[in-house]
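> Any chance you can model this:
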Amino acid sequence: MKSSPAPARWSPDRLDVKSLARSEGRLDGDTSLDHFERLLQAVYTPDGPAAGLGVHWQARAELRPDAQGQDTEIWLHLEASATLPLQCQRCLGPVPVPLVVDRWFRFVVDEATAENEDDDSEEDLLVLQPSMSLFELIEDELLMAFPLVPMHDSCPDGVVLRSGDAAMADPPSPMEKVNPFAVLAQWKK
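Alright, predicted model coming up:
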């Protein structure tokens, strides 16, 4: 498989995937996080704007024969990575989270075909359009790579519990044994 740099006519904002696949072309880049609005909204930077953050990505397209060997199918391999500060759900401070995407997409002619073939396909299916935004696809995939609950393995600062309950501020010492029925004994009097 030959790999050649993509001509300048291919733009990640308006990508003709079919043309890229015919040329077995490849696009890659390092793009500022400012270009990915939804990712930018998800980062946690309490000390100011998220300067210097970016996404490294590469995409290559190719034509492959279909399962019957009759027609050719358009495939796109997408790789993207970024390390973003998210809010730790334990200590509420920033935690750097590495996000990695490595996926293959097969393009089909319409939504009906995608829906019919989705259950039997291991790869992700996308509807072929004359022009697509590769940046939107990258952003979607990175958002899906977010952890359900971002947390440090071990929080750098102690976790502070806050409550209006005075008992939370001064928990009983382990030597004190609290009798749960002490309140009932007072009612008996």
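> low pLDDT regions in this structure?
1-9, 158-178, 180, 183, 189 (pLDDT under 70).
> could you pull out the strands for it?
Taking DSSP state E as the test, the strands found in the chain are 4-5, 25-32, 54-65, 72-87, 94-108, 124-127.
> Out of the ones you listed, flag the one nearest residue 187.
The minimum distance between residue 187 and these falls on strand 72-87, with 45.7 Å, by C-beta to C-beta. Bear in mind the C-beta positions are built from the backbone N, C-alpha and C, glycine included.
> just the angle between the closest one and strand 94-108, please?
If you take axes from the mean of the first three to the mean of the last three C-alpha atoms, to 10 degrees, strand 72-87 sits at 170 degrees to strand 94-108.
> residues of strand 72-87 that come out buried?
For strand 72-87, the neighbour count (16 or more other C-beta atoms under 10 Å) marks 73, 74, 75, 76, 78, 79, 80, 82, 84, 85, 86, 87 as buried.
> Show the contacting residues for the second one.
Going by C-beta atoms under 8 Å, 6 or more residues apart in numbering, residue 74 touches 17, 18, 21, 61, 62, 63, 106, 107, 128.
> unless I'm mixing things up, the first one is touching residue 76, no?
Pointing back at residue 17 there. Yes. If you go by C-beta atoms under 8 Å, residue 17 and residue 76 touch, sitting 5.9 Å apart.
> Between those two, which contacts overlap?
61, 107.
> which of the residues in stretch 104-111 are buried?
Neighbour-count burial for stretch 104-111, counted by 16+ other C-beta under 10 Å, picks out 105, 106, 107, 108.
> and of those, the nearest to residue 157?
Closest to residue 157 out of these is residue 105 (41.6 Å), distances taken as C-beta to C-beta.
> Residue 124 is in contact with the closest one, correct?
Yes. Between residue 105 and residue 124 there is a contact under C-beta under 8 Å: 4.9 Å.
> hmm, back to that, closest one of the contacts of residue 74 to residue 40?
residue 17 (25.7 Å).
> Next, the buried residues of the lengthiest helix in the chain.
For the chain, the helix that runs over the most residues, judged by DSSP state H, is helix 134-144. Within helix 134-144, the residues that count as buried by 16+ other C-beta under 10 Å are 134, 135, 137, 138, 139, 141, 142.
> will you turn these into TSV that also has distance to residue 44?
Output for these, formatted as TSV (distance: C-beta to C-beta, whole Å):
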residue	distance to residue 44
134	26
135	22
137	24
138	21
139	17
141	20
142	15
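> Now tabulate the strands of the chain in CSV and tack on distance to residue 46.
Listed next are those as CSV, based on distance: least, C-beta to C-beta, whole Å:
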stretch, distance to residue 46
strand 4-5, 40
strand 25-32, 20
strand 54-65, 20
strand 72-87, 9
strand 94-108, 7
strand 124-127, 35
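> so which pair among the buried residues of strand 72-87 is furthest apart in space?
Greatest spacing in the buried residues of strand 72-87, by C-beta to C-beta: 73 and 87 (41.3 Å).
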